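> pasted the sequence and its predicted model underneath.
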Amino acid sequence: MTAVARSWSRLTLAGKILFTVVPILLVLTAGLLLVIVLAGKPIVDFLAANMWLVRFVVAATAVLLMSVPSAFLIIYMEMKVIALMNLRIGPDRVGPFGSLLSVVHGLKVLMKEDFSPTGADRLVFTLAPVVVYMSAVMSLLVLPFAPRIFGADFNIGLLYLFAIGGLTVVGLLMGGWSSFNKYSLLGGLRSAAQVISYEIPLTLSVVGLLILAGTMSLNQLSINQSGWFTNWYVFQQPLGALIFFIAATAEANRTPFDLTEADSEIVAGFATEYSGMRFGFFFFAEYVNVFVVSGLIVTLFFGGWNAPFAWPEAWAIHLNLDPGSLGMGLLFGLLLIPPILILALAAPFYVGRSSLPWWQALIIGFVLFNLLVIVLIGGWAFISLDWVAGLLWFLLKSYVFVFIFVWMRGTLPRVRIDQLMGFAWKWLLPASLLNLFVTALAVIVISPR
Amino acid sequence: MMRLPGLGIVQGMALTLKRFFEPKATIKYPEVRLDVPPKFRGRLQLLYDEYGTLKCETCFQCAQACPIECIDMGGVDTKGRYHIHWGAPETYGERRDESALRRSGRPVPNEAYAHFDPIHPEALEAILERFDFDPKRMLEILDATQAEYGHLPVAALKLISQRTGAWYAMIYGTATYYRHLRFEPPAAEPLAASTAAARAGRETAFVSGLDASLAGLRRADA
């Protein structure tokens, strides 16, 4: 038995798949690039003619790629913010301010044993986390991040979101059922009951908004709310926004409605039998869901990617600069300006603090130069490019809501299952019906057609 | 005042937000070390002196002072058989006194059998009658008692305390203040004489034995 064969036999199933798939993908990518370079024009023409294909592939890749780092970010945020609220410091060992701790957690989860209990339905057991994670990631496809930055602009975008969100329940039930464990099954059924119950007020609370807006396209909803922040739908639908927020908390399985996967309890609901990366997928899906729900609240009620005030058109700086007109000056500028600026920025530190070695001063100068360039280019892009500003506003607002979710988790205790159901059916459902009724009445009275 | 629904949630959220900005209680231990209080003694440890023997004298003061009775002492008997403990924590006080006596080289009394000897109380009753049971004339009473009994037996002091109403501790204090009052009978003269004679005989025998052995040694040298 050679060393290669021995190491291969020690890999888990997931590792074997990974070690096979990644080289194949690399070869395929290289081949694709080669084909594009060699065959060139006909392929580019074909892609230009079928822009939807390019758009889909790019959006799917981007969404898959961004879901994991954003989950890492939210997990880190949760650890840090709850720690600060508990008068602790929280993670501070790995990376600056402990910000890489969730990445290390992810690596730890990856290295754990790939385990499934005896008697489990292996296929369903394996597919359940995939279904949950896919439902979270597919929701990201229709979120409008910025003007013209979205996966797909369906005219039934909102309906699609609710349908895909409902897919989560299927994954939870699959996980609970296939674990061959009565506690998992009970947990799965409990979470299914919760998610389905809250689906109803969640959907009904948006119907009033749909009557007002007249569209289900999330992109169109964002465009409708442009201008000053008074155009945001939260001011026309305060009750709807509140109900949506509460129901979305339950949909995303967040405190105080996190009975589905109560972290602090001994039996972890449907995920009792899950460990390693399978549990990791459930875990990541929860945090991706938090981001999706926050983005959805922002898109529906808080103006989406719009700035809270009308952005004066005169502020935009349009650079009418043709680099070719500079001639050799461009080359000299690119060559000379960075070193000169680095030296200029390093000089005050070297002169002012005699204890500093020259190379440390140079490093400070280099960092400062990079910061300066980032601030200048970022500021210019923020002012001049509407999609950069929109992306920043959208992410800012979304993370404010993520912070609110984390804040609630740091504050509120978990509700009992009967309180949970009673609240959904006795309070949220009548309130959302009332909201729908009042909105419809107002639309008929104010603007009869 | 009517409480608004959801007001409690808002108050709780405000509290956690306030905590968010407050200084934190965490101490990053290996990097930051707090000053320990001056009376902090740290881990209990048995120390050895410069001759390599234990400094601990099993005085049990530590065990008696320990508020949660976590200190106990134990050991192995002379044949290395048992891991023994020196008794229940309630008895540490007694054992401390015992230890002090043992260290000072005095015999350790067994409290359980230390009854005082009985006396014939008729003579003492007569004395008390003569002094009108007056505690202010305690010295005269004690003088008369010692003249009658030869010393001051504990039973007599108890009886005086009972009849006169003075505290036993005060009578004891008065008795110990005066040199001529004593609590034990003086040594009997014939006994002392015989002891001295016996000792003289032993000494003579020892010295002659020593001389004999030395003489043997001298012969061997010559």
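Arrived safely, thanks for sending.
> from here on, just use CA atoms for contacts and neighbour counts.
OK.
> how about residue A:227, what does it touch?
Listed by CA atoms under 8 Å, 6 or more residues apart in numbering or on different chains, the contact partners of residue A:227 are A:306-311.
> next one: residue B:107
If a contact means CA under 8 Å, 6+ apart, then residue B:107 has residue B:101 as its contacts.
> do you know the pLDDT at it?
Residue B:107 carries a pLDDT value of 74.
> that one and residue B:101, how far apart?
7 Å (CA to CA, to the nearest Å).
> again, but for residue A:120
For residue A:120, the distance to residue B:101 - CA to CA - is 75 Å.
> the more surrounded of the two?
A count of neighbours by other CA atoms under 10 Å in any protein chain shown puts residue A:120 above the other of residue A:120 and residue B:101, at 17 against 14.
> is it true that the more buried one touches residue A:178?
Yes: with contact defined as CA atoms under 8 Å, residue A:120 reaches residue A:178; the gap is 5.4 Å.
> where exactly do the helices run in chain B?
For chain B, the helices defined by DSSP state H occupy B:7-21, B:61-65, B:92-103, B:122-130, B:138-149, B:154-164, B:168-177, B:189-221.
> spell out which residues of chain A are next to chain B.
For chain A, the residues in contact with chain B (CA under 8 Å from any CA of the partner chain) are A:81, A:84-89, A:407-408, A:410-412.
> mind running it again at 6 Å?
Residues of chain A lying close to chain B (CA under 6 Å from any CA of the partner chain) are A:84-85, A:87-88, A:411.
> the longest helix seen in chain A to helix B:7-21, inter-axis angle?
Selection of the longest helix in chain A by residue count, based on DSSP H, yields helix A:51-85. If you take axes from the mean of the first three to the mean of the last three CA atoms, to 10 degrees, helix A:51-85 sits at 80 degrees to helix B:7-21.
> chain A contacts on chain B?
Residues of chain B found near chain A (CA under 6 Å from any CA) are B:13, B:16, B:19-20, B:24-26.
> which of these has the most neighbours?
Among the residues of chain B next to chain A, residue B:16 has the most neighbours (other CA under 10 Å), with 21 neighbours.
> ok, for residue A:402, nearest residue in space, not its chain neighbours?
Counting by CA to CA, 6 or more residues apart in numbering or on different chains, residue A:294 is the residue found nearest to residue A:402 once chain neighbours are left out, at 6.0 Å.
> quick check: mean pLDDT across the helix or strand hosting the one you found?
Here residue A:294 sits within helix A:276-301, counting by DSSP states H and E. Helix A:276-301 carries an average pLDDT of 91.
> mind listing what's buried in whichever helix or strand comes after it?
Sequence-wise, the next helix or strand downstream of helix A:276-301 (DSSP H and E) is helix A:328-352. By neighbour count with 16 or more other CA atoms under 10 Å in any protein chain shown, helix A:328-352 contains the buried residues A:341-343, A:345-347, A:349-350.
> quick one: helix A:328-352 to chain centroid distance?
Computed by CA atoms, centre = their mean, to the nearest Å, the chain-centroid distance of helix A:328-352 equals 39 Å.
> same question for it, mean pLDDT?
Averaged across helix A:328-352, the pLDDT comes to 83.
> helix or strand right after it?
The element immediately downstream of helix A:328-352 (helix or strand, assigned by DSSP H and E) is helix A:358-384.
> got the angle for that following helix vs helix A:328-352?
130 degrees.
> for helix A:358-384, name the packing helices and strands.
Under the contact criterion of 3 or more CA pairs under 6 Å, 6 or more residues apart in numbering or on different chains; DSSP states H and E, helix A:358-384 touches helix A:328-352.
> circling back to that earlier point, farthest pair within the buried residues of helix A:328-352?
A:341 and A:350 (14.3 Å; CA to CA).
> so which residue is smack in the middle of chain A?
Ranked by distance to the mean C-alpha position of chain A (CA atoms, centre = their mean), the top residue is residue A:291 at 4.3 Å.
> just the element for the closest residue to that residue other than its chain neighbours, please.
In this structure, residue A:291 finds its nearest non-sequential neighbour in residue A:402, 6.5 Å apart by CA to CA, 6+ apart. Assigning secondary structure by DSSP H and E places residue A:402 in helix A:386-411.
> what mean pLDDT does that helix get?
Helix A:386-411 carries an average pLDDT of 91.
> could you do stretch A:171-185 as well?
Stretch A:171-185 comes out with an average pLDDT of 89.
> next: stretch B:119-132.
92.
> mind listing what's buried in it?
For stretch B:119-132, by 16+ other CA under 10 Å, it's B:124-125, B:127-128, B:131.
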